[in-house]
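Participant: from the sequence below, what's the structure:
(chains A and B)
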Amino acid sequence: MKLSINGSQHGVDVDPRTPLLYVLRGELKLNAAKFGCGLGQCGACTVLIDGEPVFSCVTPVALLAGKQITTLEGLGTPERPAPIQRAFIEAQAAQCGYCIPGIMMRAHALLEKNPHASAADIRAFLEPHLCRCGTHMRILRAIHRAQAEMMSANAGGSG
Amino acid sequence: MSAASVISRRAVLAGSGALILSFSSAGRLLAQNDAPSQAAPPPAASPPLPGSLKKTPYLDSWIRIDADGAITVFTGKAELGQGIKTALMQIAAEQLDVAFDRIKLITADTALTPNEGYTAGSHSMQDSGTAIMNAAAQVRQLLVAEAAMRAGMPPAQMKTQDAAVIAPDDRRFGYGELVSAQLLHVTAGVISPLKDPGRFKVMNRRIPRVDIPAKLTGNAAFVQDLRPDGMVHARVVRPPSYGAQLVGVDDGAVRKMPGVLQVVRDGSFLAVIAQREFEAIEAMRALAAAARWNETAKLPNSASLGAFLTSLPAQDIAVLDRQQAVAHGTKALSASYSRPYLAHGSIGPSCAVAQFENGTLTIWTHTQGVYPDRAAIAEMMGMPSDKVRCIHREGAGCYGHNGADDAAADAALLARAMPGRPVRVQWTREQEHAWEPYGPAMLIKLNAALDDGGRIADWDNEIWSNTHSTRPGPAGSLLAARYLDKPFQEPPPKPIPMPEGGGDRNSIPIYTIPSAKVVYHFLPTMPVRVSALRALGGFMNVFAIESFMDELAAAAGADPVEFRLKHLDDARAREVITTAAERFGWANKPRAAPGSGRGFGFARYKNLAAYCAVACEIEVDRDSGRARMRRAVAAVDSGQVVNSDGIANQIEGAILQSLSWTLYESVTFNERRITSVDWSSYPILRFSAVPDEMEIHVIDRPGMPFLGSGEAGQGPAAAAVANAVANATGHRFRDLPISAASIKAAIGV
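Facilitator: Residues are numbered from 1 along each chain as shown, chains lettered A, B, ... in the order given. All right, here's what the predicted structure looks like:
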């Protein structure tokens, strides 16, 4: 079947019941989406489907024909990080870093949809995600930093 | 290289005792830093080498410089997400006088790096940081001596700058051109020409962590991300309960499933190897359904763990017995505190990749100890250890001994079943939750008496606990090894001796108390698999002691912070406490808002490492019983600071993880099986419960020994939370977790 991932079409020959996570990691050799639970309980595998955050570990690829799949790799690169990635790096918002790509995907989705999200909105939106190292304070700081940067970039663009 | 020139270089190092006189005394303090527990008794007359140089004294075991000037630093410690790579590179760059980004660092690898045991116990800065700091300073000294010889000028007139030695006549000798084959192959001297901390350019800066960009942009950063050519995927079918024996398995259908390459059975060790990952998962599920087990486990009643622990046969260890003839206390208090089994709960379940080829075995693993893991795996495989190589690759944060070593053992067994092919084993979430060795349940009973002046006169502390380390160890420490057709026996548990201690870690009150007694009832019987969890017994002992200090302060009618200071002489302890209290506004805000409470907790980790004090405010929702931390302020003294942001990150994490342990967590089981096998049955902290504010104040001690920060916050944070809940509700909670249900039941709304 054909999947649209990070703006490119990819033909994959897999059992259609295969969760997207294993196709991303196994067939496309993408690293950012992580296996954390396989149960939709921790958020480490989060990617965007048509801009909405989903748990790729419990989403069979059979459901994804014609949909736009975005992974962290589709947001930015080490050389050209996306605003959300730049903000996390600047805030040193990681300890082990395993949960962070999934959190960045959901935060990115929120800020795209609601650039004025309040601190309470952000916390509520991140509720599906677990971080075991206790990096939460930095994660929240990084999201606020990204928000400020995205808003000033937008203000600059429109002005 | 002639023997004479080697001798002259040894003379340079031996002579450094004289050179050091021109440096500040701070350098001597650093050089004398010494990890007490791991130090072998020093040979008579010769003082021990600093840090891990004791075990690995050759300078070129730590630092190599190539002819092209490339500088490689080696550490036996592993990056666990604590930022150790960046800190070690800062130390090397500073003492070598080179730019930070010229340093290449190789971490734990049995083929390349020194054996520094486990990356655990907040020891990495003390062991490896101290070794690298001293080795780098001595390497720099050798390079200066070599350049001085070539320039025909005294070493004292040479300067170093940006990886070169500069002569007074401006001649420049690059490190690469100075170094020859044997120049650095000398043993370290006892004393190093360390830089004066006042001249630091790299070692006291908040340099961003080198590992973070790759982790945040989808580069291959974790063992889970390895994909060597030809790699296949394996899954293990673990038994349904401890010790269950595989009676039979009809695997005919599984072998015919798509992608399945092999079903591997050795005794009760059962696994499947498939071409692709989801094929391995499907085959694992089918194999698990086809397996028949004989279950024999008998687990204790989780509702009465305290009674269970005290019923077990104990080996009693007298930790402290200090009796001073003073007036005995007149006001007596007693209390007992408990905690359940706690899971490490790594966000990434354990994983390893192994390849067996031409009689050699290579394993990529997120173990905390590549050398001990190699020894255990070699024994299990019946291979000489020099045919086994363990290479550390990062996993998700581990916080102690989780499934990492066991996954490495699984991968080793399965790689042997598929010679030539790299085999990747990924544990499931349920396997990680059910099979990792938990932090042991504990019970602590405290008795104390106050004298008429409101001071503690007597103190009596009893601790009941299993061991806090079942790390490899012999092959029987590895899970898979116990289930093979020819099984290895689990080794008998041993207590970890003080001063570091295991269940008794931090059990000696740091406070000035005339008469004090501490007894550790070490419990060898372990119905539930246990091992090292961040801070070991230090978490529970500090939770209990610091909760009890608040109870005693209340009995004495004293402010909790004042009460602690009244019993403390150590100036650094006092400064950490007063800093946290002042920054929190402890004295200014004697009462928290209605429904809220404030609490304080303090400890010096192991009574010999970092000092940490935590003050926090907790709000309690009286309807639901839910407690939420609103604000926390901490102060930490870890000795010489290398990267204050790295320390702050560790303490922030410790506070939030400890908050989660304290309010929510408990491994659950029935009479036979572990029942907390995922995140819904083992809930932890989520974003809605994260504090609004947190401040960490890092106190720098230029020139003082590194103390290590990774575990220092764990106990103080738990105590601060419990004390704040008591302050908010008027009820003392002594059994962890302090759940919403227990608060609701106690305050009776």
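
Participant: so B:Gly51 touches B:Asp127, yeah?
Facilitator: Yes - checked against CB atoms under 8 Å, the pair B:Gly51 and B:Asp127 is within contact range at 5.1 Å. From N, CA and C alone the C-beta is placed, and that goes for glycine too.

Participant: which of those two has more neighbours?
Facilitator: More neighbours surround B:Gly51 than the other of B:Gly51 and B:Asp127, with 33 against 30 (other CB atoms under 10 Å in any protein chain shown).

Participant: so what's the more buried one closest to, chain neighbours aside?
Facilitator: Spatial nearest neighbour of B:Gly51, excluding adjacent residues (CB to CB, 6 or more residues apart in numbering or on different chains): B:Thr130 at 2.9 Å.

Participant: just give me the neighbour total for the one you found.
Facilitator: By the criterion of other CB under 10 Å, B:Thr130 has 29 neighbours.

Participant: SS state for it?
Facilitator: helix (DSSP: H, G, I helix; E, B strand; the rest coil).

Participant: ditto for the one 10 residues further on
Facilitator: Secondary structure for B:Arg140, judged by three-state DSSP, is helix.

Participant: B:Lys201 versus that one, what's the distance?
Facilitator: Distance of B:Arg140 to B:Lys201, given as CB to CB, to the nearest Å: 14 Å.

Participant: out of the two, which sits in the more crowded spot?
Facilitator: Taking other CB under 10 Å, B:Arg140 and B:Lys201 do not tie; B:Arg140 has more neighbours (23 against 13).

Participant: which residues does that one contact?
Facilitator: By CB atoms under 8 Å, 6 or more residues apart in numbering or on different chains, the contact set of B:Arg140 is B:Gln95, B:Leu96, B:Asp97, B:Thr160, B:Pro193.

Participant: pretty sure the second one contacts B:Ile63?
Facilitator: If I follow you right, that is B:Leu96. Yes - if you go by CB under 8 Å, B:Leu96 and B:Ile63 touch, sitting 7.4 Å apart.

Participant: need the overlap of contacts for the two.
Facilitator: With CB under 8 Å, 6+ apart, B:Leu96 and B:Ile63 have common neighbours B:Ile71, B:Ala136, B:Val139.

Participant: state the helix or strand in which the second one lies.
Facilitator: The one in question is B:Ala136. helix B:130-151 (DSSP states H and E).

Participant: state the mean pLDDT of that helix.
Facilitator: Averaged across helix B:130-151, pLDDT comes to 97.

Participant: pull that helix out as PDB, backbone CA atoms only.
Facilitator: Extracted C-alpha coordinates of helix B:130-151, given in PDB (Å, rounded to 0.1, in the frame of the first residue of the first chain):
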ATOM      1  CA  THR B 130      38.000  12.800  39.100                       C
ATOM      2  CA  ALA B 131      40.100  10.300  37.100                       C
ATOM      3  CA  ILE B 132      39.700  12.300  33.800                       C
ATOM      4  CA  MET B 133      40.400  15.600  35.500                       C
ATOM      5  CA  ASN B 134      43.600  14.300  37.000                       C
ATOM      6  CA  ALA B 135      44.700  12.400  33.900                       C
ATOM      7  CA  ALA B 136      44.100  15.400  31.700                       C
ATOM      8  CA  ALA B 137      46.100  17.700  34.000                       C
ATOM      9  CA  GLN B 138      48.900  15.200  34.000                       C
ATOM     10  CA  VAL B 139      48.800  14.700  30.200                       C
ATOM     11  CA  ARG B 140      49.000  18.500  29.800                       C
ATOM     12  CA  GLN B 141      52.000  18.500  32.100                       C
ATOM     13  CA  LEU B 142      53.700  15.800  30.000                       C
ATOM     14  CA  LEU B 143      53.100  17.800  26.800                       C
ATOM     15  CA  VAL B 144      54.500  20.900  28.400                       C
ATOM     16  CA  ALA B 145      57.600  19.000  29.500                       C
ATOM     17  CA  GLU B 146      58.100  17.500  26.100                       C
ATOM     18  CA  ALA B 147      57.700  21.000  24.400                       C
ATOM     19  CA  ALA B 148      60.100  22.500  27.000                       C
ATOM     20  CA  MET B 149      62.700  19.900  26.200                       C
ATOM     21  CA  ARG B 150      62.300  20.500  22.400                       C
ATOM     22  CA  ALA B 151      62.400  24.300  22.900                       C
END
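
Participant: now the end-to-end length of stretch B:96-104.
Facilitator: The first and last residues of stretch B:96-104 sit 13 Å apart, counting by CA to CA, to the nearest Å.

Participant: contacts for that stretch?
Facilitator: For stretch B:96-104, the external contacting residues (CB under 8 Å, 6+ apart) are B:63, B:69-73, B:89-90, B:92-93, B:136, B:139-140, B:160-163, B:175, B:202, B:207.

Participant: can you say which of these are buried?
Facilitator: Buried residues within these, counting neighbours by 16 or more other CB atoms under 10 Å in any protein chain shown: B:63, B:69, B:71-73, B:89-90, B:92-93, B:136, B:139-140, B:160, B:163, B:175, B:202, B:207.

Participant: am I right that A:Arg106 is in contact with A:Ala44?
Facilitator: No - counting by CB under 8 Å, A:Ala44 is not a contact partner of A:Arg106; they are 11.1 Å apart.

Participant: any chance of the contacts of B:Arg140 in TSV, with secondary structure too?
Facilitator: TSV is the format used below for the contacts of B:Arg140 (three-state DSSP):
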residue	secondary structure
B:Gln95	helix
B:Leu96	helix
B:Asp97	coil
B:Thr160	strand
B:Pro193	coil
